[in-house]
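Chemist: sequence and predicted structure below; questions after.
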Amino acid sequence: MQRWILAPVLVLAGFLVITTNGVAAERRVALVIGNSAYRSVPVLANPGRDAAAVAEMLRRAGFDSVELRQDLGTVELKRATREFMQTAREADIALVYFAGHGIEVSGINYLIPTDARLKSDFDVEDEGLSLERVVRAIEPARRLRLVILDACRNNPFNAAMQRMVSVRAVANGLAKVEPAVSDTLVAFAARAGSVAEDGAGEHSPFTTALLKHLPVPGLDVRVAFGRVRDEVLRLTGGKQEPFVYGSLGGAITALVPDDKTLDPGGAERAQRETRRDYEFAERVGTREAWSSFLAAHPTGFYADLARAQVAKLTGSTGTAAVPPPPPPLPERKPLPQTRPIPHDPATAAVAPGPAAQPPGAGRAGACQRDAETLARLRARRVPDEILRFQRELVCDELRPQVARLIESMEPPDGPARPKLVPDPVPPQPFREPDPASPALARATPSASSCEQEAQTLATLRNTRDKRAIDRFARDLTCQDLRPQVMRLRESVDDE
(Lines give C-alpha, C1' and ligand atoms only; values in the text may rest on other atoms or scores of the structure.)
Protein backbone atom coordinates (compact mmCIF):
# COMPACT_ATOMS: atom_id res chain seq x y z
CA MET A 1 0.00 0.00 0.00
CA GLN A 2 2.80 2.42 0.88
CA ARG A 3 4.43 1.69 -2.48
CA TRP A 4 1.25 2.74 -4.35
CA ILE A 5 1.04 5.97 -2.36
CA LEU A 6 4.73 6.80 -2.80
CA ALA A 7 4.78 6.37 -6.58
CA PRO A 8 2.52 9.37 -7.43
CA VAL A 9 4.46 11.52 -4.97
CA LEU A 10 7.74 10.71 -6.69
CA VAL A 11 6.23 11.41 -10.10
CA LEU A 12 4.91 14.77 -8.89
CA ALA A 13 8.28 15.67 -7.36
CA GLY A 14 10.04 14.84 -10.61
CA PHE A 15 7.53 16.95 -12.55
CA LEU A 16 8.18 19.92 -10.29
CA VAL A 17 11.94 19.61 -10.74
CA ILE A 18 11.55 19.48 -14.50
CA THR A 19 9.17 22.42 -14.72
CA THR A 20 11.10 24.69 -12.37
CA ASN A 21 14.41 23.94 -14.05
CA GLY A 22 13.24 23.60 -17.63
CA VAL A 23 15.73 26.10 -19.02
CA ALA A 24 18.63 24.63 -17.08
CA ALA A 25 17.79 21.13 -18.44
CA GLU A 26 17.93 22.24 -22.10
CA ARG A 27 19.93 19.70 -24.13
CA ARG A 28 22.39 20.94 -26.78
CA VAL A 29 24.15 18.64 -29.27
CA ALA A 30 26.57 19.23 -32.16
CA LEU A 31 28.20 17.41 -35.07
CA VAL A 32 31.48 19.04 -36.19
CA ILE A 33 33.16 17.93 -39.44
CA GLY A 34 36.49 19.09 -40.88
CA ASN A 35 37.58 17.83 -44.33
CA SER A 36 41.13 18.83 -45.23
CA ALA A 37 42.89 15.80 -46.79
CA TYR A 38 41.19 15.68 -50.20
CA ARG A 39 42.68 12.98 -52.44
CA SER A 40 41.99 14.23 -55.95
CA VAL A 41 42.52 17.97 -55.35
CA PRO A 42 45.04 19.95 -53.24
CA VAL A 43 44.83 19.57 -49.46
CA LEU A 44 43.16 22.40 -47.54
CA ALA A 45 45.17 23.86 -44.67
CA ASN A 46 42.55 25.14 -42.25
CA PRO A 47 39.39 22.93 -42.09
CA GLY A 48 40.91 20.34 -39.75
CA ARG A 49 42.14 22.99 -37.30
CA ASP A 50 38.90 24.97 -37.66
CA ALA A 51 36.73 21.96 -36.81
CA ALA A 52 38.85 21.01 -33.79
CA ALA A 53 38.68 24.57 -32.44
CA VAL A 54 34.90 24.78 -32.93
CA ALA A 55 34.39 21.43 -31.18
CA GLU A 56 36.47 22.58 -28.21
CA MET A 57 34.56 25.87 -28.07
CA LEU A 58 31.22 24.03 -27.95
CA ARG A 59 32.44 21.69 -25.21
CA ARG A 60 33.54 24.64 -23.09
CA ALA A 61 30.17 26.26 -23.76
CA GLY A 62 28.49 23.31 -22.03
CA PHE A 63 27.08 21.35 -24.98
CA ASP A 64 25.89 17.94 -23.82
CA SER A 65 27.24 16.09 -26.87
CA VAL A 66 29.91 17.22 -29.36
CA GLU A 67 30.97 14.74 -32.09
CA LEU A 68 34.18 15.75 -33.90
CA ARG A 69 34.78 13.93 -37.22
CA GLN A 70 37.78 14.57 -39.49
CA ASP A 71 38.42 13.79 -43.17
CA LEU A 72 35.27 11.79 -43.89
CA GLY A 73 34.80 9.89 -47.13
CA THR A 74 31.48 9.48 -48.90
CA VAL A 75 30.17 6.58 -46.82
CA GLU A 76 31.46 7.98 -43.52
CA LEU A 77 30.00 11.45 -44.17
CA LYS A 78 26.53 10.11 -44.93
CA ARG A 79 26.65 7.67 -42.00
CA ALA A 80 27.69 10.40 -39.54
CA THR A 81 24.78 12.56 -40.70
CA ARG A 82 22.31 9.69 -40.40
CA GLU A 83 23.48 8.77 -36.88
CA PHE A 84 23.36 12.40 -35.74
CA MET A 85 19.68 12.49 -36.68
CA GLN A 86 19.03 10.07 -33.78
CA THR A 87 20.99 12.33 -31.43
CA ALA A 88 18.98 15.38 -32.53
CA ARG A 89 15.68 13.68 -31.63
CA GLU A 90 16.46 14.09 -27.92
CA ALA A 91 17.86 17.64 -28.17
CA ASP A 92 16.49 21.15 -27.84
CA ILE A 93 19.33 22.67 -29.90
CA ALA A 94 21.09 20.76 -32.71
CA LEU A 95 24.09 22.22 -34.57
CA VAL A 96 26.08 20.94 -37.57
CA TYR A 97 29.38 22.62 -38.53
CA PHE A 98 31.17 21.67 -41.77
CA ALA A 99 34.51 23.00 -42.99
CA GLY A 100 35.79 21.83 -46.37
CA HIS A 101 34.73 21.95 -50.01
CA GLY A 102 31.14 22.58 -51.09
CA ILE A 103 29.64 22.85 -54.56
CA GLU A 104 26.43 24.08 -56.17
CA VAL A 105 24.93 22.17 -59.08
CA SER A 106 21.73 23.58 -60.61
CA GLY A 107 20.80 25.41 -57.41
CA ILE A 108 21.41 22.43 -55.10
CA ASN A 109 24.23 22.61 -52.56
CA TYR A 110 26.44 19.61 -51.78
CA LEU A 111 29.14 18.95 -49.18
CA ILE A 112 32.12 17.16 -50.71
CA PRO A 113 33.75 14.12 -49.00
CA THR A 114 37.53 13.68 -49.09
CA ASP A 115 37.42 10.67 -51.46
CA ALA A 116 35.17 12.32 -54.05
CA ARG A 117 36.46 12.46 -57.64
CA LEU A 118 33.54 14.26 -59.33
CA LYS A 119 34.61 13.55 -62.87
CA SER A 120 31.20 14.74 -64.07
CA ASP A 121 28.34 16.81 -62.77
CA PHE A 122 26.28 13.60 -62.70
CA ASP A 123 28.59 12.11 -60.03
CA VAL A 124 27.85 14.76 -57.43
CA GLU A 125 24.53 13.18 -56.47
CA ASP A 126 26.28 9.91 -55.61
CA GLU A 127 29.53 11.19 -54.13
CA GLY A 128 28.34 14.39 -52.42
CA LEU A 129 26.01 14.98 -49.46
CA SER A 130 23.18 17.40 -50.17
CA LEU A 131 22.66 20.29 -47.76
CA GLU A 132 18.95 19.46 -47.76
CA ARG A 133 19.73 16.08 -46.21
CA VAL A 134 21.80 17.74 -43.47
CA VAL A 135 18.91 20.06 -42.64
CA ARG A 136 16.51 17.10 -42.50
CA ALA A 137 18.87 15.33 -40.08
CA ILE A 138 18.53 18.07 -37.46
CA GLU A 139 14.82 18.65 -38.04
CA PRO A 140 13.75 16.64 -34.91
CA ALA A 141 15.41 19.15 -32.53
CA ARG A 142 12.76 20.93 -30.47
CA ARG A 143 13.93 24.56 -30.24
CA LEU A 144 16.74 25.53 -32.65
CA ARG A 145 18.28 23.88 -35.71
CA LEU A 146 21.54 25.42 -36.94
CA VAL A 147 23.85 24.53 -39.87
CA ILE A 148 27.15 26.42 -40.24
CA LEU A 149 29.05 25.96 -43.51
CA ASP A 150 32.61 27.18 -44.02
CA ALA A 151 32.51 25.58 -47.47
CA CYS A 152 32.17 28.39 -50.01
CA ARG A 153 35.78 28.16 -51.26
CA ASN A 154 36.95 28.49 -54.86
CA ASN A 155 36.25 24.89 -55.81
CA PRO A 156 38.98 23.05 -57.81
CA PHE A 157 36.53 20.32 -58.90
CA ASN A 158 34.73 22.73 -61.25
CA ALA A 159 37.52 23.14 -63.78
CA ALA A 160 37.98 19.42 -64.49
CA MET A 161 34.34 18.36 -64.12
CA GLN A 162 32.74 17.09 -67.33
CA ARG A 163 29.27 18.46 -68.02
CA MET A 164 27.00 15.48 -68.69
CA VAL A 165 23.70 17.37 -68.53
CA SER A 166 23.67 20.52 -70.62
CA VAL A 167 21.03 22.31 -68.60
CA ARG A 168 23.01 21.97 -65.38
CA ALA A 169 24.99 24.93 -64.13
CA VAL A 170 28.00 24.33 -61.88
CA ALA A 171 29.28 27.40 -60.07
CA ASN A 172 31.71 28.44 -57.39
CA GLY A 173 30.21 29.21 -54.02
CA LEU A 174 26.85 27.97 -52.80
CA ALA A 175 23.26 28.77 -53.71
CA LYS A 176 20.92 30.54 -51.31
CA VAL A 177 18.57 28.33 -49.32
CA GLU A 178 15.15 28.71 -47.73
CA PRO A 179 14.75 26.25 -44.83
CA ALA A 180 11.31 24.64 -44.92
CA VAL A 181 11.16 24.13 -41.15
CA SER A 182 10.72 27.08 -38.77
CA ASP A 183 13.38 27.96 -36.20
CA THR A 184 16.09 26.78 -38.60
CA LEU A 185 19.15 28.83 -39.60
CA VAL A 186 21.77 28.06 -42.26
CA ALA A 187 24.91 30.22 -42.03
CA PHE A 188 27.29 30.54 -45.00
CA ALA A 189 30.86 31.80 -44.72
CA ALA A 190 30.08 33.95 -47.80
CA ARG A 191 26.81 35.06 -49.34
CA ALA A 192 25.30 32.94 -52.11
CA GLY A 193 27.34 32.91 -55.32
CA SER A 194 30.49 34.36 -53.74
CA VAL A 195 33.68 32.69 -52.57
CA ALA A 196 35.10 32.55 -49.04
CA GLU A 197 38.79 32.84 -48.21
CA ASP A 198 40.67 30.02 -46.49
CA GLY A 199 42.86 32.60 -44.76
CA ALA A 200 46.58 32.73 -44.07
CA GLY A 201 46.27 32.39 -40.30
CA GLU A 202 45.60 29.46 -38.03
CA HIS A 203 41.87 29.58 -38.84
CA SER A 204 39.74 30.92 -41.66
CA PRO A 205 38.35 34.46 -41.16
CA PHE A 206 34.83 33.05 -40.76
CA THR A 207 35.78 30.49 -38.10
CA THR A 208 37.96 33.05 -36.31
CA ALA A 209 34.91 35.27 -35.88
CA LEU A 210 32.69 32.32 -34.88
CA LEU A 211 35.08 31.33 -32.07
CA LYS A 212 34.94 34.86 -30.72
CA HIS A 213 31.21 35.64 -30.82
CA LEU A 214 29.15 32.42 -30.70
CA PRO A 215 30.10 31.39 -27.12
CA VAL A 216 29.13 34.73 -25.52
CA PRO A 217 26.68 33.80 -22.69
CA GLY A 218 23.13 35.03 -23.23
CA LEU A 219 23.86 36.54 -26.68
CA ASP A 220 21.07 35.89 -29.18
CA VAL A 221 22.35 33.75 -32.05
CA ARG A 222 21.15 36.31 -34.62
CA VAL A 223 23.13 39.07 -32.94
CA ALA A 224 26.14 36.76 -32.71
CA PHE A 225 26.08 36.11 -36.47
CA GLY A 226 25.68 39.84 -37.07
CA ARG A 227 28.90 40.42 -35.16
CA VAL A 228 30.55 37.57 -37.09
CA ARG A 229 29.58 39.29 -40.35
CA ASP A 230 31.05 42.62 -39.24
CA GLU A 231 34.33 41.04 -38.15
CA VAL A 232 34.77 38.99 -41.34
CA LEU A 233 34.17 42.09 -43.46
CA ARG A 234 36.87 43.86 -41.43
CA LEU A 235 39.34 40.95 -41.60
CA THR A 236 38.94 40.53 -45.39
CA GLY A 237 38.79 44.21 -46.30
CA GLY A 238 35.16 43.90 -47.42
CA LYS A 239 35.82 41.00 -49.82
CA GLN A 240 33.84 38.36 -47.90
CA GLU A 241 30.40 38.79 -46.34
CA PRO A 242 28.89 35.90 -44.34
CA PHE A 243 25.17 35.38 -44.74
CA VAL A 244 22.45 33.67 -42.67
CA TYR A 245 19.29 32.15 -44.16
CA GLY A 246 16.13 31.22 -42.23
CA SER A 247 14.17 32.86 -39.43
CA LEU A 248 13.48 32.59 -35.70
CA GLY A 249 10.70 33.83 -33.44
CA GLY A 250 10.74 36.82 -31.12
CA ALA A 251 12.26 35.09 -28.08
CA ILE A 252 15.97 35.37 -27.32
CA THR A 253 17.76 32.26 -28.58
CA ALA A 254 21.30 31.91 -27.25
CA LEU A 255 23.65 29.00 -27.85
CA VAL A 256 25.14 29.58 -24.39
CA PRO A 257 22.64 30.55 -21.67
CA ASP A 258 23.71 33.01 -18.99
CA ASP A 259 22.86 33.06 -15.26
CA LYS A 260 19.80 35.24 -15.79
CA THR A 261 18.41 32.76 -18.31
CA LEU A 262 18.98 29.83 -15.95
CA ASP A 263 17.47 31.69 -12.99
CA PRO A 264 14.71 34.07 -14.15
CA GLY A 265 14.36 35.56 -10.66
CA GLY A 266 18.09 36.07 -10.19
CA ALA A 267 18.18 39.52 -11.76
CA GLU A 268 15.39 40.79 -9.52
CA ARG A 269 17.07 39.44 -6.39
CA ALA A 270 20.41 40.96 -7.40
CA GLN A 271 18.70 44.32 -7.97
CA ARG A 272 17.12 44.22 -4.50
CA GLU A 273 20.47 43.40 -2.88
CA THR A 274 22.21 46.19 -4.78
CA ARG A 275 19.54 48.69 -3.72
CA ARG A 276 19.83 47.56 -0.09
CA ASP A 277 23.62 47.97 -0.13
CA TYR A 278 23.25 51.39 -1.74
CA GLU A 279 20.83 52.55 0.97
CA PHE A 280 23.22 51.35 3.67
CA ALA A 281 26.17 53.20 2.09
CA GLU A 282 23.96 56.28 1.83
CA ARG A 283 23.16 56.11 5.56
CA VAL A 284 26.86 55.86 6.44
CA GLY A 285 27.61 58.67 4.00
CA THR A 286 31.43 58.46 3.97
CA ARG A 287 33.77 58.22 1.01
CA GLU A 288 35.02 54.86 2.31
CA ALA A 289 31.46 53.47 2.41
CA TRP A 290 30.86 54.49 -1.20
CA SER A 291 34.20 52.96 -2.23
CA SER A 292 33.19 49.68 -0.59
CA PHE A 293 29.86 49.77 -2.43
CA LEU A 294 31.56 50.38 -5.79
CA ALA A 295 34.00 47.54 -5.13
CA ALA A 296 31.05 45.16 -4.77
CA HIS A 297 28.86 46.76 -7.51
CA PRO A 298 31.18 48.41 -10.09
CA THR A 299 28.58 48.79 -12.87
CA GLY A 300 24.93 49.66 -13.30
CA PHE A 301 22.50 52.39 -12.32
CA TYR A 302 23.35 52.39 -8.61
CA ALA A 303 27.09 52.44 -9.38
CA ASP A 304 26.58 55.68 -11.34
CA LEU A 305 24.66 57.17 -8.42
CA ALA A 306 27.43 56.12 -6.03
CA ARG A 307 30.07 57.84 -8.16
CA ALA A 308 27.94 60.97 -8.12
CA GLN A 309 27.87 60.79 -4.31
CA VAL A 310 31.67 60.48 -4.25
CA ALA A 311 31.96 63.49 -6.53
CA LYS A 312 29.68 65.46 -4.22
CA LEU A 313 31.77 64.53 -1.18
CA THR A 314 34.99 65.65 -2.86
CA GLY A 315 33.42 68.91 -4.03
CA SER A 316 34.01 68.12 -7.71
CA THR A 317 31.46 68.84 -10.42
CA GLY A 318 32.75 66.01 -12.61
CA THR A 319 33.18 62.36 -11.94
CA ALA A 320 35.70 61.99 -9.17
CA ALA A 321 38.33 59.31 -9.24
CA VAL A 322 37.26 56.51 -6.98
CA PRO A 323 40.01 54.92 -4.89
CA PRO A 324 40.86 51.32 -5.70
CA PRO A 325 38.73 48.62 -4.09
CA PRO A 326 39.74 47.74 -0.54
CA PRO A 327 41.86 44.61 -0.07
CA PRO A 328 40.15 41.32 0.82
CA LEU A 329 38.75 41.14 4.31
CA PRO A 330 41.67 40.14 6.58
CA GLU A 331 41.46 37.73 9.47
CA ARG A 332 39.74 39.87 12.08
CA LYS A 333 41.51 40.03 15.41
CA PRO A 334 39.65 40.68 18.66
CA LEU A 335 39.35 44.40 19.28
CA PRO A 336 40.53 45.86 22.57
CA GLN A 337 37.90 46.30 25.24
CA THR A 338 36.24 49.66 24.70
CA ARG A 339 32.97 49.22 26.56
CA PRO A 340 32.51 50.68 30.04
CA ILE A 341 33.56 48.55 32.99
CA PRO A 342 32.47 48.96 36.60
CA HIS A 343 34.22 51.80 38.35
CA ASP A 344 37.07 50.66 40.60
CA PRO A 345 38.28 53.39 42.98
CA ALA A 346 41.49 51.47 43.62
CA THR A 347 42.62 51.78 39.99
CA ALA A 348 41.13 55.17 39.17
CA ALA A 349 44.25 57.00 40.24
CA VAL A 350 46.66 55.01 38.04
CA ALA A 351 44.55 54.21 34.99
CA PRO A 352 45.38 56.50 32.04
CA GLY A 353 42.40 58.50 30.86
CA PRO A 354 41.38 59.57 27.34
CA ALA A 355 42.17 63.20 28.01
CA ALA A 356 44.13 63.63 24.78
CA GLN A 357 41.26 62.32 22.63
CA PRO A 358 38.01 64.19 21.95
CA PRO A 359 34.97 62.58 23.56
CA GLY A 360 33.35 60.00 21.30
CA ALA A 361 36.17 60.07 18.71
CA GLY A 362 37.25 56.47 19.37
CA ARG A 363 33.69 55.13 19.15
CA ALA A 364 32.97 57.08 15.95
CA GLY A 365 36.05 55.60 14.31
CA ALA A 366 35.05 52.11 15.43
CA CYS A 367 31.53 52.59 14.03
CA GLN A 368 32.96 53.72 10.72
CA ARG A 369 35.26 50.68 10.54
CA ASP A 370 32.38 48.36 11.45
CA ALA A 371 30.16 49.98 8.80
CA GLU A 372 32.79 49.42 6.09
CA THR A 373 33.25 45.80 7.19
CA LEU A 374 29.47 45.25 7.12
CA ALA A 375 29.30 46.63 3.56
CA ARG A 376 31.95 44.15 2.44
CA LEU A 377 30.19 41.28 4.21
CA ARG A 378 26.91 42.17 2.45
CA ALA A 379 28.73 41.70 -0.85
CA ARG A 380 30.63 38.54 0.10
CA ARG A 381 28.09 36.86 2.47
CA VAL A 382 30.51 34.37 4.07
CA PRO A 383 28.61 32.92 7.09
CA ASP A 384 31.68 32.31 9.30
CA GLU A 385 32.98 35.85 8.81
CA ILE A 386 29.55 37.35 9.48
CA LEU A 387 29.15 35.41 12.75
CA ARG A 388 32.67 36.41 13.85
CA PHE A 389 31.89 40.03 12.97
CA GLN A 390 28.70 39.83 15.07
CA ARG A 391 30.66 38.59 18.10
CA GLU A 392 33.34 41.29 17.79
CA LEU A 393 31.03 44.17 16.82
CA VAL A 394 31.80 47.42 18.67
CA CYS A 395 29.20 49.76 17.19
CA ASP A 396 25.87 48.87 18.81
CA GLU A 397 23.95 51.00 16.27
CA LEU A 398 24.82 48.43 13.59
CA ARG A 399 23.76 45.38 15.60
CA PRO A 400 20.14 45.26 14.26
CA GLN A 401 21.45 45.44 10.68
CA VAL A 402 23.86 42.55 11.34
CA ALA A 403 20.96 40.55 12.78
CA ARG A 404 18.89 41.19 9.64
CA LEU A 405 21.82 40.15 7.46
CA ILE A 406 22.07 36.84 9.35
CA GLU A 407 18.30 36.28 9.10
CA SER A 408 18.32 36.99 5.36
CA MET A 409 20.89 34.25 4.75
CA GLU A 410 18.63 31.41 5.96
CA PRO A 411 15.19 30.31 4.74
CA PRO A 412 12.27 30.77 7.16
CA ASP A 413 12.09 27.02 7.80
CA GLY A 414 15.86 26.57 8.04
CA PRO A 415 17.97 25.93 11.14
CA ALA A 416 17.69 28.14 14.15
CA ARG A 417 19.47 31.45 13.67
CA PRO A 418 22.30 32.44 15.99
CA LYS A 419 21.00 34.34 18.96
CA LEU A 420 22.42 37.81 19.40
CA VAL A 421 24.07 37.98 22.80
CA PRO A 422 23.65 41.42 24.38
CA ASP A 423 26.76 43.20 25.58
CA PRO A 424 27.43 42.95 29.32
CA VAL A 425 26.29 46.00 31.26
CA PRO A 426 27.48 47.20 34.65
CA PRO A 427 25.50 45.66 37.52
CA GLN A 428 22.88 47.98 38.91
CA PRO A 429 21.91 48.16 42.58
CA PHE A 430 18.76 46.17 43.26
CA ARG A 431 15.68 48.15 44.22
CA GLU A 432 12.70 46.44 45.78
CA PRO A 433 9.64 47.16 43.60
CA ASP A 434 6.48 48.46 45.12
CA PRO A 435 3.97 45.54 45.09
CA ALA A 436 1.10 48.00 45.02
CA SER A 437 2.38 49.68 41.85
CA PRO A 438 -0.22 49.34 39.05
CA ALA A 439 2.53 49.80 36.48
CA LEU A 440 4.25 46.68 37.81
CA ALA A 441 1.03 44.71 37.53
CA ARG A 442 0.60 45.79 33.91
CA ALA A 443 4.24 45.20 32.93
CA THR A 444 4.59 41.73 34.44
CA PRO A 445 2.78 39.17 32.28
CA SER A 446 2.22 35.66 33.47
CA ALA A 447 4.65 32.88 32.54
CA SER A 448 1.94 31.11 30.57
CA SER A 449 1.25 34.29 28.59
CA CYS A 450 4.94 34.59 27.60
CA GLU A 451 5.02 30.93 26.62
CA GLN A 452 1.95 31.28 24.41
CA GLU A 453 3.32 34.40 22.74
CA ALA A 454 6.67 32.67 22.17
CA GLN A 455 4.83 29.88 20.33
CA THR A 456 2.95 32.46 18.25
CA LEU A 457 6.26 34.17 17.40
CA ALA A 458 7.73 30.85 16.23
CA THR A 459 4.73 30.37 13.93
CA LEU A 460 5.07 33.90 12.52
CA ARG A 461 8.73 33.28 11.75
CA ASN A 462 7.62 30.52 9.40
CA THR A 463 4.59 32.25 7.82
CA ARG A 464 6.22 35.75 7.67
CA ASP A 465 2.78 37.35 7.31
CA LYS A 466 3.46 41.09 7.66
CA ARG A 467 -0.06 42.03 8.81
CA ALA A 468 -0.13 39.25 11.39
CA ILE A 469 3.31 40.31 12.66
CA ASP A 470 2.21 43.95 13.00
CA ARG A 471 -0.92 42.90 14.90
CA PHE A 472 1.11 40.60 17.17
CA ALA A 473 3.60 43.38 17.93
CA ARG A 474 0.76 45.77 18.81
CA ASP A 475 -0.90 43.31 21.21
CA LEU A 476 2.31 41.87 22.71
CA THR A 477 2.33 41.66 26.53
CA CYS A 478 5.61 39.76 27.12
CA GLN A 479 8.21 42.51 26.86
CA ASP A 480 11.07 39.99 26.84
CA LEU A 481 9.98 38.99 23.33
CA ARG A 482 9.69 42.54 21.93
CA PRO A 483 13.29 42.79 20.59
CA GLN A 484 12.82 39.53 18.69
CA VAL A 485 9.49 40.72 17.28
CA MET A 486 11.05 44.00 16.12
CA ARG A 487 13.89 42.15 14.37
CA LEU A 488 11.34 39.91 12.66
CA ARG A 489 9.37 42.96 11.44
CA GLU A 490 12.54 44.58 10.08
CA SER A 491 13.62 41.41 8.28
CA VAL A 492 10.17 41.08 6.65
CA ASP A 493 10.27 44.76 5.60
CA ASP A 494 13.64 44.15 3.94
CA GLU A 495 12.29 41.29 1.80
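Modeler: Arrived safely, thanks for sending.

Chemist: and L305, which helix or strand is it part of?
Modeler: helix 301-314 (DSSP states H and E).

Chemist: likewise for T208?
Modeler: Going by DSSP H and E, T208 is in helix 205-213.

Chemist: buried set for that helix?
Modeler: Across helix 205-213, burial judged by 16 or more other Cβ atoms under 10 Å covers P205, F206, T207, T208, A209, L210, L211, H213. C-beta: built from backbone N, CA, C; applies to glycine.

Chemist: helices or strands up against it?
Modeler: Helices and strands touching helix 205-213, by 3 or more Cβ pairs under 8 Å, 6 or more residues apart in numbering; DSSP states H and E, are helix 47-60, strand 144-150, helix 221-235.

Chemist: my guess is V66 meets A53, correct?
Modeler: No. Using Cβ atoms under 8 Å, V66 is not in contact with A53, being 12.0 Å away.

Chemist: coming back round to it: out of the buried residues of helix 205-213, the closest to A30 would be?
Modeler: L210 (12.4 Å; Cβ to Cβ).

Chemist: how about that closest one, what does it touch?
Modeler: V54, M57, I148, V228 (Cβ atoms under 8 Å, 6 or more residues apart in numbering).

Chemist: what helix or strand is E90 on?
Modeler: Counting by DSSP H and E, E90 is found in no helix or strand.

Chemist: meant to ask about R482, not that
Modeler: With DSSP H and E as the test, R482 turns up in helix 482-494.

Chemist: give me the helices and strands touching that helix, please.
Modeler: Short answer (3+ Cβ pairs under 8 Å, 6+ apart): helix 482-494 packs on helix 399-408, helix 447-463, helix 466-475.

Chemist: quick revisit: want to throw the helices and strands packed on helix 205-213 into CSV with mean neighbour count, mean pLDDT and distance to E288?
Modeler: Putting these into CSV (neighbours: other Cβ atoms under 10 Å; pLDDT from 0 to 100; distance: least, Cβ to Cβ, whole Å) gives the following:
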stretch, mean neighbour count, mean pLDDT, distance to E288
helix 47-60, 21, 94, 40
strand 144-150, 25, 96, 49
helix 221-235, 18, 95, 40
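
Chemist: export the ones you listed to TSV and tack on distance to C367?
Modeler: What follows is the helices and strands packed on helix 205-213, written out as TSV (distance: least, Cβ to Cβ, whole Å):
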stretch	distance to C367
helix 47-60	47
strand 144-150	55
helix 221-235	49
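
Chemist: avg pLDDT for stretch 73-90?
Modeler: Averaged across stretch 73-90, pLDDT comes to 96.

Chemist: name the residues of that stretch that are buried.
Modeler: T74, L77, K78, A80, T81, F84, M85, T87, A88.

Chemist: adding distance to V177, write these out as CSV.
Modeler: Formatted as CSV, these follow (distance: Cβ to Cβ, whole Å):
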residue, distance to V177
T74, 22
L77, 19
K78, 19
A80, 21
T81, 16
F84, 19
M85, 19
T87, 22
A88, 18
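
Chemist: so which of the residues you listed are in helices?
Modeler: T74, L77, K78, A80, T81, F84, M85, T87, A88 (DSSP state H).

Chemist: and P179, which of the three is it?
Modeler: coil (DSSP: H, G, I helix; E, B strand; the rest coil).

Chemist: which residues touch it?
Modeler: So P179 contacts V135, R145, L185, V186, Y245, G246 (Cβ under 8 Å, 6+ apart).

Chemist: ok, it to V135 distance?
Modeler: Distance, P179 to V135, by Cβ to Cβ, to the nearest Å: 6 Å.

Chemist: between the two, which contacts overlap?
Modeler: R145, V186.

Chemist: returning to what we had before: pLDDT on the helix holding T208, on average?
Modeler: 94.

Chemist: ok, stretch 133-141 next?
Modeler: 95.

Chemist: same deal with stretch 236-251?
Modeler: 91.

Chemist: can you give me the buried ones in that stretch?
Modeler: T236, Q240, E241, P242, F243, V244, Y245, G246, L248.

Chemist: which one of the residues you listed is nearest D220?
Modeler: L248 (8.5 Å).

Chemist: neighbours of the closest residue to that closest one other than its chain neighbours, how many?
Modeler: Leaving aside its sequence neighbours, L248 sits nearest to D183 (Cβ to Cβ, 6 or more residues apart in numbering; 5.6 Å). Other residues near D183 come to 18 when the count uses other Cβ atoms under 10 Å.

Chemist: re earlier: to L174, which of the helices and strands packed on helix 205-213 lies closest?
Modeler: Closest among these, using Cβ to Cβ: strand 144-150, at 6.9 Å.

Chemist: quick one: strands adjacent to the closest one?
Modeler: Using DSSP bridges, strand 144-150 pairs in its sheet with strand 93-99 (parallel), strand 184-188 (parallel).

Chemist: with mean pLDDT added, can I get those in JSON lines?
Modeler: Listed next are the strands paired with strand 144-150 as JSON lines, based on pLDDT from 0 to 100:
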{"stretch": "strand 93-99", "mean pLDDT": "97"}
{"stretch": "strand 184-188", "mean pLDDT": "95"}
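
Chemist: comparing these, which comes out most buried?
Modeler: strand 93-99 (a mean of 28; mean count of other Cβ atoms under 10 Å).

Chemist: possible to save the strands paired with strand 144-150 as TSV with distance to R381?
Modeler: Shown next, in TSV, are the strands paired with strand 144-150 (distance: least, Cβ to Cβ, whole Å):
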stretch	distance to R381
strand 93-99	34
strand 184-188	41
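
Chemist: so which of the ones you listed is nearest P400?
Modeler: Among the strands paired with strand 144-150, strand 93-99 sits nearest to P400 (Cβ to Cβ), with 49.1 Å.

Chemist: contacts for the closest one?
Modeler: Under Cβ under 8 Å, 6+ apart, the answer for strand 93-99 is 26-35, 46-48, 50-51, 54, 58, 63, 81, 84, 87-88, 111, 134, 137-138, 140-141, 143-151, 204, 207, 255.

Chemist: next SSE after it?
Modeler: strand 102-105.

Chemist: could I get the buried residue list for the next helix or strand after that following strand?
Modeler: With elements assigned by DSSP H and E, the helix or strand that comes after strand 102-105 is strand 108-111. By 16+ other Cβ under 10 Å, the buried positions in strand 108-111 come out as I108, N109, Y110, L111.

Chemist: likewise for stretch 391-398?
Modeler: Buried, per 16+ other Cβ under 10 Å, within stretch 391-398: L393, V394, C395, L398.

Chemist: let me have those in a markdown table, extended by secondary structure.
Modeler: As requested, the buried residues of stretch 391-398 are exported to a markdown table (three-state DSSP):
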| residue | secondary structure |
| --- | --- |
| L393 | coil |
| V394 | coil |
| C395 | coil |
| L398 | helix |
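
Chemist: S36: what secondary structure?
Modeler: Taking three-state DSSP, the label given to S36 is coil.

Chemist: contacting residues around it?
Modeler: V43, L44, A45, N46, P47, G48, Q70, D71, G100, T114.
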